[in-house]
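> Sharing a model prediction with you, sequence too.
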Protein chains: 2
Amino acid sequence: MSIGTVYGVGLGSGDVDLLSVRADRLVRNAKIIAYFRKAGKKGQARRLADPLIPADALEIPMEYPVTTEIPLDDPRYNEVLSQFYEDSCAILRTHLDAGHDIVVLCEGDPFFYGSFMHLHSRLMADYNVEVVPAITGMSGAWTATNQPITWGDDILTVLMGTLDQDTLTARMKSTDALVVMKIGTNFPKVRQALRDANLYDRAWMVQYATMPDQKVTKLSEFEGDKVPYFTIIVVHGQGRRP
Amino acid sequence: MSIGTVYGVGLGSGDVDLLSVRADRLVRNAKIIAYFRKAGKKGQARRLADPLIPADALEIPMEYPVTTEIPLDDPRYNEVLSQFYEDSCAILRTHLDAGHDIVVLCEGDPFFYGSFMHLHSRLMADYNVEVVPAITGMSGAWTATNQPITWGDDILTVLMGTLDQDTLTARMKSTDALVVMKIGTNFPKVRQALRDANLYDRAWMVQYATMPDQKVTKLSEFEGDKVPYFTIIVVHGQGRRP
């Protein structure tokens, strides 16, 4: 009996119709499906893939022990998460060793700031791990603005809202096109950095890109300090265009 | 009678199995299909979508008058290309005005350094133009390396090989993760910039990502000065990983 394969299947930006043909087929035919979620929630990946998941599939929810309760710079954050990923892999290993394949549902593109990477790095030495790329959340966001993100020689910089304000401002000042992700509670800091980099008036905010409750607004027309986790800010490049 | 809709359909990174379900359906049901290509060639987009294109679809090849024959900084380059896009739109308009929908095949993601943008900007005032996002060539490339491109707070910078060497070097020095596209004849310059930025030993070269002749090598193990147009260089981020 051979051991099973792990498929890290990117679900893309948030619309089930935008999964790749390969991802769609893998999910529809899966016998074991694993996914991350916050404890007590259905989970965004699970919800997105819902129409495709076979009724008789074995589901393995992997529930984050912490998300925002411990600050990122607290050493316990890494310790707790590391143990969580080890424990999750231990569960997957029992199924793989029994010869079963596992489809892991991944929001966005698995190798682009994805949680699946932490399983991949722990399992790749012992198992065949196949990654199915997907449409990134940022592609979904710039498409939602109905404007190209980059032209000609434009430089694109992708920043996480978790960076400190000085770094955000400096990098924003030196790019042609910009994407900011992981915004959530970092929103006031990101907005101030955009102001300081003179990009505030060109910035667009996309909430829930390609999802049913998608909302696209110019940042300058948005009021308030609270935005959902699924918020991406984009500033379009202005490069060469014949 | 209503006018037709233009669908800018992203074909993704190069594998027909990685089209989105929506893109796959649009191409399979298309009555009119347009695509760019170099004169005298079948065209990469047309070749990639070949298994999906209905036998009775009307095909509209749009053939570039120049690609590399005129330097980018020659004013004639923009003039010739601008006229070409106008002429292409004139042909599409006759079909749209007659009430027919058109599927335009787009390599990669249409709004990410894509040629479709030049049709979109010219047609959007008069017609309904829908863009279907896709897996970017760079996603295909980093997936091919079997390593995540970005972790934690990593900053990702995307550079075109057409930039001057000093700009390339400076931007390479100040990023965590890197993607370089539009390499082709710019390869020796890009390679020198990677050396000067101390990224040469960490760089991977992916030729024909997700295509049948995909080739993944460490840059330091590649010999020669010639690489195909479909070459992407990636340097993986080293960020936080529990």
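It's in. Numbering: from 1, shown residues only, chains lettered A, B, ... in the order given.
> right, and the secondary structure at the nearest residue to A:Ser115 once chain neighbours are set aside would be what?
Counting by CB to CB, 6 or more residues apart in numbering or on different chains, A:Ser115 lies nearest to A:Phe36, which is 5.1 Å off, once chain neighbours are set aside. Every residue, glycine included, has its C-beta placed from N, CA and C. Put simply, A:Phe36 is strand when judged by DSSP: H, G, I helix; E, B strand; the rest coil.
> thought A:Phe36 was touching A:Gly114?
No. Assessed by CB atoms under 8 Å, A:Phe36 is found out of contact with A:Gly114, at 9.6 Å.
> name the element the residue lying closest to A:Tyr35 once chain neighbours are set aside belongs to?
If the residues on either side of it in the chain are set aside, A:Tyr35 comes closest to A:Leu105, at 4.1 Å by CB to CB, 6+ apart. If you go by DSSP states H and E, A:Leu105 is part of strand A:102-106.
> and that strand, which strands flank it?
Applying DSSP bridges to the sheet, strand A:102-106 is found paired with strand A:5-10 (parallel), strand A:32-38 (parallel).
> In a markdown table: those strands, plus mean neighbour count and mean pLDDT.
A markdown table is the format used below for these (neighbours: other CB atoms under 10 Å in any protein chain shown; pLDDT from 0 to 100):
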| stretch | mean neighbour count | mean pLDDT |
| --- | --- | --- |
| strand A:5-10 | 25 | 98 |
| strand A:32-38 | 21 | 96 |
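> tilt between the lowest-mean-pLDDT helix or strand in chain A and strand A:32-38?
In chain A, no helix or strand scores lower on mean pLDDT, DSSP states H and E than helix A:75-97, which sits at a mean of 93. Compare the direction of helix A:75-97 with that of strand A:32-38 by axes from the mean of the first three to the mean of the last three CA atoms, to 10 degrees and you get 170 degrees.
> ok, and what's touching helix A:75-97?
Applying CB atoms under 8 Å, 6 or more residues apart in numbering or on different chains, the contact partners of helix A:75-97 are A:3-6, A:32, A:34, A:60, A:62, A:64-66, A:70-71, A:102, A:104, A:118-119, A:122-123, A:126-127, B:240, B:242.
> Sitting in strands, which of these do you find?
Using DSSP state E, A:Thr5, A:Val6, A:Ile32, A:Ala34, A:Ile60, A:Met62, A:Tyr64, A:Ile102, A:Val104 are the members of the contacts of helix A:75-97 that sit in strands.
> Centroid-nearest residue for chain A?
Nearest residue to the geometric centre of chain A (CA atoms, centre = their mean): A:Gly108, 4.5 Å.
> Which residues are in contact with that one?
Contacts of A:Gly108 (CB under 8 Å, 6+ apart): A:Gly10, A:Leu11, A:Gly12, A:Ser13, A:Gly114, A:Ala134, A:Ile135, A:Thr136, A:Gly137.
> That one and B:Ala197: what is the separation?
Taken as CB to CB, to the nearest Å, the spacing of A:Gly108 relative to B:Ala197 amounts to 28 Å.
> what bridges to the residue nearest to the centre of chain A?
For A:Gly108, the beta-bridge partners are A:Gly12 (DSSP bridges).
> What distance do you get for it to A:Gly99?
According to CB to CB, A:Gly108 stands 30 Å off from A:Gly99.
> now A:Thr157
45 Å.
> Specify the local secondary structure of A:Ile135.
Look at A:Ile135: counting by three-state DSSP, its state is coil.
> Quick one: the helices in chain A, in order.
Remark: helices assigned in chain A by DSSP state H are A:21-28, A:44-49, A:75-97, A:116-123, A:137-144, A:165-173, A:187-196.
> for those, which one sits closest to A:Glu221?
Closest approach to A:Glu221 among the helices of chain A is made by helix A:187-196 (12.6 Å; CB to CB).
> okay, the angle between that closest one and helix A:165-173?
Between helix A:187-196 and helix A:165-173, the angle comes out at 50 degrees (the same axes, to 10 degrees).
> Look at A:Asp126 and say how many residues are nearby.
12 (other CB atoms under 10 Å in any protein chain shown).
> now do A:Val21
When counting by other CB under 10 Å, one arrives at 19 neighbours for A:Val21.
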